[in-house]
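[1] using only what follows, build the 3D model:
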Amino acid sequence: MTNSVIECILSRSAAKYYDPAAILSDDEIRELVRIGTAAPTSFHLQNWRFIAVRTPEAKARLSPIAWNQPAITDAAVTFIICGQLADSSVIPERLAPLVAAGVMPAAMVPEWETPARGLYKDHPQRQRDEAVRTGTFGAAAIIYAARSMGLGSTPMIGFDADGVHREFGLSKDEVPVMLLAIGAERSGNWAQKPRRPVADVLNLV
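    Okay, the predicted model is just below:
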(Lines give C-alpha, C1' and ligand atoms only; values in the text may rest on other atoms or scores of the structure.)
Protein backbone atom coordinates (compact mmCIF):
# COMPACT_ATOMS: atom_id res chain seq x y z
CA MET A 1 0.00 0.00 0.00
CA THR A 2 1.48 3.34 -0.97
CA ASN A 3 0.45 6.85 -1.94
CA SER A 4 2.13 10.23 -1.91
CA VAL A 5 1.46 10.84 1.79
CA ILE A 6 2.83 7.46 2.83
CA GLU A 7 5.81 7.94 0.54
CA CYS A 8 6.59 11.27 2.23
CA ILE A 9 6.53 9.61 5.63
CA LEU A 10 8.58 6.57 4.61
CA SER A 11 11.22 8.54 2.69
CA ARG A 12 11.76 11.36 5.19
CA SER A 13 14.95 11.55 7.20
CA ALA A 14 16.42 14.37 9.24
CA ALA A 15 18.64 16.44 6.97
CA LYS A 16 22.15 17.35 8.02
CA TYR A 17 23.27 19.27 4.95
CA TYR A 18 21.42 22.22 3.44
CA ASP A 19 22.06 24.51 0.51
CA PRO A 20 22.78 27.82 2.28
CA ALA A 21 22.08 29.79 -0.92
CA ALA A 22 18.50 28.50 -1.20
CA ILE A 23 15.74 30.57 0.37
CA LEU A 24 12.02 30.25 1.00
CA SER A 25 9.73 33.19 0.37
CA ASP A 26 7.58 34.50 3.19
CA ASP A 27 4.55 33.15 1.32
CA GLU A 28 6.12 29.68 1.23
CA ILE A 29 6.81 29.91 4.95
CA ARG A 30 3.22 30.99 5.58
CA GLU A 31 1.96 28.04 3.54
CA LEU A 32 4.01 25.59 5.61
CA VAL A 33 2.51 27.03 8.79
CA ARG A 34 -0.99 27.04 7.31
CA ILE A 35 -0.64 23.33 6.66
CA GLY A 36 0.91 22.78 10.08
CA THR A 37 -2.06 24.37 11.80
CA ALA A 38 -4.37 21.77 10.24
CA ALA A 39 -2.90 19.26 12.73
CA PRO A 40 -5.11 18.14 15.63
CA THR A 41 -5.33 20.01 18.93
CA SER A 42 -7.22 19.17 22.11
CA PHE A 43 -10.68 20.82 22.23
CA HIS A 44 -9.66 22.83 19.14
CA LEU A 45 -7.43 24.96 21.41
CA GLN A 46 -4.88 25.59 18.62
CA ASN A 47 -2.45 26.43 21.39
CA TRP A 48 0.66 27.04 19.31
CA ARG A 49 2.79 29.76 17.77
CA PHE A 50 5.53 29.54 15.14
CA ILE A 51 8.50 31.91 15.02
CA ALA A 52 10.17 31.76 11.60
CA VAL A 53 13.87 32.54 11.99
CA ARG A 54 14.89 33.33 8.41
CA THR A 55 17.06 36.45 8.24
CA PRO A 56 20.83 36.33 8.79
CA GLU A 57 20.40 38.62 11.79
CA ALA A 58 17.79 36.38 13.43
CA LYS A 59 19.84 33.26 12.69
CA ALA A 60 22.83 34.91 14.35
CA ARG A 61 20.70 35.45 17.47
CA LEU A 62 19.45 31.86 17.54
CA SER A 63 22.63 29.99 16.65
CA PRO A 64 24.64 30.54 19.87
CA ILE A 65 21.72 29.51 22.08
CA ALA A 66 21.18 26.39 19.95
CA TRP A 67 24.63 24.82 20.16
CA ASN A 68 25.70 26.50 16.90
CA GLN A 69 24.06 23.70 14.94
CA PRO A 70 24.83 24.22 11.23
CA ALA A 71 21.23 23.70 10.11
CA ILE A 72 20.20 26.94 11.81
CA THR A 73 22.58 28.94 9.65
CA ASP A 74 22.35 26.91 6.44
CA ALA A 75 18.64 26.03 6.19
CA ALA A 76 16.30 28.59 4.70
CA VAL A 77 14.24 28.88 7.89
CA THR A 78 14.25 27.48 11.40
CA PHE A 79 10.93 27.52 13.17
CA ILE A 80 10.79 27.93 16.91
CA ILE A 81 7.79 25.70 17.63
CA CYS A 82 5.98 27.20 20.61
CA GLY A 83 3.30 25.28 22.47
CA GLN A 84 1.04 27.33 24.73
CA LEU A 85 -0.12 26.04 28.11
CA ALA A 86 -3.63 24.62 27.72
CA ASP A 87 -6.17 27.27 28.79
CA SER A 88 -9.85 26.36 28.60
CA SER A 89 -10.93 30.01 28.78
CA VAL A 90 -10.01 30.52 25.12
CA ILE A 91 -12.34 27.78 23.89
CA PRO A 92 -15.38 30.02 23.15
CA GLU A 93 -13.18 32.27 21.00
CA ARG A 94 -11.55 29.32 19.20
CA LEU A 95 -14.90 27.64 18.55
CA ALA A 96 -16.67 30.83 17.41
CA PRO A 97 -15.70 30.32 13.73
CA LEU A 98 -17.18 26.81 13.84
CA VAL A 99 -20.43 28.21 15.22
CA ALA A 100 -20.47 31.01 12.65
CA ALA A 101 -19.93 28.51 9.84
CA GLY A 102 -22.78 26.32 11.05
CA VAL A 103 -20.45 23.42 11.87
CA MET A 104 -21.17 23.46 15.60
CA PRO A 105 -24.33 24.60 17.40
CA ALA A 106 -23.67 27.40 19.91
CA ALA A 107 -25.16 25.28 22.69
CA MET A 108 -22.34 22.79 22.28
CA VAL A 109 -19.58 25.27 23.17
CA PRO A 110 -20.04 24.93 26.97
CA GLU A 111 -20.07 21.16 26.50
CA TRP A 112 -16.47 21.48 25.34
CA GLU A 113 -15.33 24.25 27.66
CA THR A 114 -16.56 22.65 30.91
CA PRO A 115 -14.68 19.34 30.62
CA ALA A 116 -11.59 21.14 29.32
CA ARG A 117 -11.63 23.34 32.42
CA GLY A 118 -11.80 20.25 34.62
CA LEU A 119 -8.99 18.61 32.69
CA TYR A 120 -6.53 21.50 32.71
CA LYS A 121 -7.38 24.35 35.09
CA ASP A 122 -5.75 23.05 38.29
CA HIS A 123 -3.30 20.73 36.58
CA PRO A 124 -0.15 22.58 35.46
CA GLN A 125 1.60 19.41 34.31
CA ARG A 126 -1.31 18.58 32.01
CA GLN A 127 -1.26 22.14 30.69
CA ARG A 128 2.42 21.77 29.82
CA ASP A 129 1.99 18.26 28.43
CA GLU A 130 -0.70 19.60 26.10
CA ALA A 131 1.58 22.43 24.96
CA VAL A 132 4.25 19.91 24.02
CA ARG A 133 1.76 17.59 22.32
CA THR A 134 0.25 20.42 20.32
CA GLY A 135 3.59 21.82 19.20
CA THR A 136 4.76 18.35 18.20
CA PHE A 137 1.65 17.68 16.11
CA GLY A 138 2.14 20.99 14.30
CA ALA A 139 5.84 20.36 13.73
CA ALA A 140 5.15 16.88 12.33
CA ALA A 141 2.63 18.27 9.85
CA ILE A 142 5.19 20.86 8.70
CA ILE A 143 7.87 18.17 8.35
CA TYR A 144 5.74 16.10 5.97
CA ALA A 145 4.43 19.14 4.11
CA ALA A 146 8.04 20.21 3.55
CA ARG A 147 8.93 16.74 2.32
CA SER A 148 6.04 16.85 -0.16
CA MET A 149 7.52 20.12 -1.50
CA GLY A 150 10.93 18.55 -1.97
CA LEU A 151 12.44 20.20 1.11
CA GLY A 152 14.48 18.74 3.93
CA SER A 153 13.80 19.17 7.64
CA THR A 154 15.66 18.81 10.91
CA PRO A 155 13.83 18.78 14.26
CA MET A 156 16.17 19.80 17.08
CA ILE A 157 15.94 19.79 20.86
CA GLY A 158 19.50 21.00 21.41
CA PHE A 159 18.96 24.56 22.60
CA ASP A 160 18.85 26.73 25.71
CA ALA A 161 15.13 27.05 26.43
CA ASP A 162 15.60 30.03 28.76
CA GLY A 163 17.78 31.72 26.15
CA VAL A 164 15.14 31.21 23.47
CA HIS A 165 12.51 32.63 25.82
CA ARG A 166 14.58 35.75 26.42
CA GLU A 167 15.95 36.32 22.92
CA PHE A 168 12.70 35.80 21.04
CA GLY A 169 10.20 37.19 23.53
CA LEU A 170 8.20 34.08 24.39
CA SER A 171 5.44 34.69 26.90
CA LYS A 172 5.15 32.97 30.29
CA ASP A 173 2.57 30.53 28.93
CA GLU A 174 4.72 29.43 25.99
CA VAL A 175 7.01 26.40 25.86
CA PRO A 176 9.70 26.20 23.16
CA VAL A 177 8.92 22.63 22.13
CA MET A 178 11.59 22.23 19.46
CA LEU A 179 13.45 23.95 16.68
CA LEU A 180 12.60 22.83 13.16
CA ALA A 181 14.92 23.71 10.29
CA ILE A 182 13.47 23.56 6.76
CA GLY A 183 15.27 24.11 3.48
CA ALA A 184 16.64 22.77 0.23
CA GLU A 185 18.96 19.84 0.84
CA ARG A 186 22.37 19.34 -0.69
CA SER A 187 24.07 16.01 -1.28
CA GLY A 188 25.33 13.83 1.52
CA ASN A 189 22.16 13.38 3.57
CA TRP A 190 21.23 9.88 4.60
CA ALA A 191 18.15 7.99 3.50
CA GLN A 192 15.69 7.10 6.24
CA LYS A 193 17.37 4.89 8.82
CA PRO A 194 15.96 1.38 9.41
CA ARG A 195 13.34 1.20 12.15
CA ARG A 196 12.72 -1.43 14.81
CA PRO A 197 10.52 -4.28 13.60
CA VAL A 198 6.79 -3.78 14.05
CA ALA A 199 6.68 -7.02 16.05
CA ASP A 200 8.93 -5.37 18.67
CA VAL A 201 6.74 -2.31 19.17
CA LEU A 202 3.16 -3.48 18.55
CA ASN A 203 0.86 -5.33 20.92
CA LEU A 204 -2.35 -6.60 19.38
CA VAL A 205 -4.91 -7.14 22.17
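
[2] which SS class is residue 193?
    Three-state assignment for residue 193 (DSSP: H, G, I helix; E, B strand; the rest coil): coil.

[3] show the pLDDT at it.
    Listed pLDDT for residue 193 reads 95.

[4] so what's it closest to, chain neighbours aside?
    Of all residues not flanking residue 193 in the chain, residue 13 sits nearest, at 6.6 Å (C-beta to C-beta, 6 or more residues apart in numbering). C-beta: built from backbone N, CA, C; applies to glycine.

[5] tell me where this structure has helices.
    Here the chain has its helices, by DSSP state H, at 4-11, 26-36, 56-62, 70-74, 91-100, 109-120, 124-148, 161-168, 198-201.

[6] tell me which of the ones you listed lies nearest to residue 82.
    Of all those, helix 124-148 sits nearest to residue 82, with 6.5 Å by C-beta to C-beta.

[7] buried set for that closest one?
    For helix 124-148, the buried set under the neighbour-count rule, 16 or more other C-beta atoms under 10 Å, comprises 127, 129-131, 133-147.

[8] repeat that for stretch 57-71.
    58-59, 61-63, 65-66, 69, 71.

[9] circling back: out of the helices of the chain, flag the one nearest residue 191.
    The nearest among the helices of the chain, by C-beta to C-beta, is helix 4-11 at 7.6 Å.

[10] buried residues in the closest one?
    residue 8.

[11] what does it contact?
    Contact with helix 4-11 is made by 2, 144, 147-148, 191-192, as judged by C-beta atoms under 8 Å, 6 or more residues apart in numbering.

[12] now it: average pLDDT?
    93.

[13] now swap in stretch 42-50 and tell me
    Taken as a whole, stretch 42-50 carries a mean pLDDT of 98.

[14] returning to that earlier point: possible to save the buried residues of stretch 57-71 as a markdown table with pLDDT and distance to residue 81?
    What follows is the buried residues of stretch 57-71, written out as a markdown table (pLDDT from 0 to 100; distance: C-beta to C-beta, whole Å):
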| residue | pLDDT | distance to residue 81 |
| --- | --- | --- |
| 58 | 98 | 15 |
| 59 | 98 | 16 |
| 61 | 98 | 17 |
| 62 | 98 | 13 |
| 63 | 98 | 17 |
| 65 | 98 | 15 |
| 66 | 98 | 13 |
| 69 | 98 | 15 |
| 71 | 98 | 14 |
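
[15] I appreciate the help and will end here.
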